[in-house]
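>>> here is a sequence together with a model predicted from it:
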Amino acid sequence: MDLNSYKAEINQWHEGRIENLKSSNGWLNLAGLFWLKDGVSTFGSDESNDLVFPKDKIPAKAGMFLLNNGVVSLTALPDVEIFADGKPLKTGMIFHPDSTHEPKLSYGSLQWVIIKRDNQFGVRLRDLESSKETTFLGIERYEINPGFRMEAVLEVPPVPKRIDITNVLGQTTAQESPGTLVFTLNEKEYRLDALLEGEELFVIFGDPTNINDTYPSGRYLYAKKPGADGKTILDFNKAYNPPCAFTPFATCPLPPLQNVLSIAITAGEKNYKGYTH
């Protein structure tokens, strides 16, 4: 491996990571996360609403959400023009548990979607004019170290495997796992249970650096699905912070106990210092 080329590759990956973070679909412009109750929830900028959106961004009284048997509908007040995927919406269904499409609702610079977490339904709100993108401080990283790039073997269980994943809301769900990534670091074997996301393996892990240097609730890492030989590459220089390091309006999954490593992974992103819980 050419060290300069490798460092250039990691730096390019990191630049793309920052671009995504600052994009309109990134995590820096989140402006709220509101959990819906069964029945009607009013929204607008006035404090008397059930869901209080940012002031000066939307009328004092804008409309209402209706949650009924897992289906969410929206009704805008007559003088409020809300859009769904760019088309005016006065009233209509905006979330159905059986639908694969989640329309983006908008008013001015505000944009929101409905999210479902276990048995809870929420409104995730963005402000596309958020100042957080311009005040973003960047992410400190460990020095790039090729020693934290290693081959791993995916150990596939004989029967389908599910692992419990708990999120920051305290909700625990059993998720399918394609297997366990087995790798060697400093002549010692380690194991990480993986999840499958499209054509990639997704790993949520913790390690001793979480105490002082990295995000306290662990970090994330992707790896390519292994080939026929069951092998892939784990590159901890691409370990990154979960969204909760940047915003209180995310619902991050936490590392399962078996994925908390005993060895310090001094590679990848350090904790973001621009956001204090």
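Arrived safely.
>>> hang on, Met93 packs against Ser73?
Yes - judged on CB atoms under 8 Å, Met93 makes contact with Ser73 at a distance of 5.0 Å. Backbone N, C-alpha and C define where each C-beta goes, glycine included.
>>> how many other residues sit next to Ala62?
Using other CB atoms under 10 Å, the number of residues around Ala62 comes to 24.
>>> which residue comes closest to it once chain neighbours are left out?
Gly44 (4.0 Å; CB to CB, 6 or more residues apart in numbering).
>>> do you know how far that neighbour is from Trp27?
25 Å (CB to CB, to the nearest Å).
>>> for Ile204, same thing?
In terms of CB to CB, Ile204 sits 16 Å off from Trp27.
>>> next one, pLDDT for Lys273 please.
Predicted confidence (pLDDT) for Lys273: 85.
>>> ok, which stretches of the protein are helices?
Secondary structure of the chain (DSSP state H): helices located at 3-22.
>>> so where's the stretch 101-250 of the chain uncertain?
Regions of the stretch 101-250 of the chain meeting the criterion pLDDT under 70 are absent.
>>> what are the ranges of the strands in it?
Ranges of strands in the stretch 101-250 of the chain, per DSSP state E, counting those that start in this stretch, are 105-107, 110-117, 120-127, 149-155, 161-166, 172-177, 179-185, 188-197, 200-205, 219-224, 231-235.
>>> how about these, which one is nearest Trp35?
Closest to Trp35 of the strands of the stretch 101-250 of the chain is strand 120-127 (CB to CB; 4.7 Å).
>>> quick check: buried residues in the closest one?
121-127 (16 or more other CB atoms under 10 Å).
>>> quickly run through the sheet partners of that strand, with directions.
When pairs are called by DSSP bridges, strand 120-127 turns out to pair with strand 30-35 (antiparallel), strand 110-117 (antiparallel).
>>> want to throw those strands into a markdown table with mean neighbour count?
Formatted as a markdown table, those follow (neighbours: other CB atoms under 10 Å):
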| stretch | mean neighbour count |
| --- | --- |
| strand 30-35 | 18 |
| strand 110-117 | 18 |
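>>> nearest to Asn241, out of those strands?
Taking those one by one with CB to CB, strand 30-35 is closest: 14.6 Å.
>>> the closest one - what's its average pLDDT?
pLDDT averaged over strand 30-35 gives 97.
>>> circling back to that earlier point, with distance to Phe136 added, can I get the strands paired with strand 120-127 in CSV?
Compiled in CSV, these are given as follows (distance: least, CB to CB, whole Å):
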stretch, distance to Phe136
strand 30-35, 13
strand 110-117, 19
